[in-house]
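1. Structure for the following, please:
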Amino acid sequence: MGTVSDRDKGIGPYVNAGAAPAMTGPQAGFGCRVISALSAFILALLPVFSPAAQGLSLTQDEQGWVYVNEKGAAVLRPFIYDNGPDYFEEGLARFVAKGKMGFHDQSLKVWIPARYDFAFPFVHGKAKVGMNCKLIPEGEHRSVRCQHWETIANPLTALQDQPEN
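-> All right, here's what the predicted structure looks like:
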């Protein structure tokens, strides 16, 4: 599933919800059981690999993956990468809001607000971010083409580099 911004703005991977080919014979229904078991396994592992901020959990709703508070209210929508929430690189992961991308930490604190059309993860303290972007289909994948690119610094790295008084 993709997030609203995935469908509306074309940002991030999403699953095509088209009909699956019909299966007959003894293998019919086997795929559904495997997918269900796989989904349950992945959901069981998510607390190990995802933020575990007090009172927050990761779940899926009709729009896709979302971190919710103890009352079930949406707090933050992670950028979907590799069939799940974005990986943390250098302490930050990407999230989407209103069709834009930003960065948050494991406690879900937003360090860089969602203001970019696309953002790559941080590498060596820097991330490439783009504006006025379009996604170009390339087979089952898509590539991003932006009119304007810039490089931003990881605010967590910048904090570590500051001299102490």
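2. For Thr157, what are phi and psi?
-> With angles defined as degrees, to the nearest 10, Thr157 sits at phi -70, psi -40.
3. er, His124 actually
-> According to degrees, to the nearest 10, His124 has phi 50, psi 40.
4. so what's it scoring on pLDDT?
-> His124 carries a pLDDT value of 95.
5. And for it, the neighbour number?
-> His124 is flanked by 8 other residues according to other CB atoms under 10 Å. C-beta coordinates here come from the backbone N, C-alpha and C atoms, glycine included.
6. Same question for Pro85.
-> By the measure other CB under 10 Å, the count of residues near Pro85 is 24.
7. tell me the contacts of it?
-> Contacts here follow CB atoms under 8 Å, 6 or more residues apart in numbering; on that basis Pro85 touches Ser50, Leu58, Trp65, Pro78, Phe79, Ala93.
8. Over to Ile136?
-> With CB under 8 Å, 6+ apart, Ile136 has these contacts: Arg142, Ser143, Val144, Arg145.
9. coming back round to it: between the contacts of Pro85, which sits nearest Asp117?
-> The shortest gap between Asp117 and any of the contacts of Pro85 belongs to Phe79, at 12.2 Å (CB to CB).
10. Just list whatever residues bridge to Arg145.
-> Taking DSSP bridges as the rule, Arg145 bridges to Lys134.
11. Low-confidence regions, this structure specifically.
-> Scanning the chain for pLDDT under 70 picks out 1-55, 159-165.
12. still on that earlier bit, could the contacts of Pro85 go into CSV alongside secondary structure and distance to Glu150?
-> Formatted as CSV, the contacts of Pro85 follow (DSSP: H, G, I helix; E, B strand; the rest coil; distance: CB to CB, whole Å):
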residue, secondary structure, distance to Glu150
Ser50, coil, 29
Leu58, strand, 30
Trp65, strand, 27
Pro78, strand, 23
Phe79, coil, 18
Ala93, strand, 20
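13. ok, and the most crowded of the residues you listed?
-> The most crowded member of the contacts of Pro85, judged by other CB under 10 Å, is Phe79 (26 neighbours).
14. rewinding a little: ok, the contacts of Ile136 vs Phe118, which is closest?
-> Val144 (4.8 Å).
15. That closest one and Thr157: what is the separation?
-> According to CB to CB, to the nearest Å, Val144 stands 24 Å off from Thr157.
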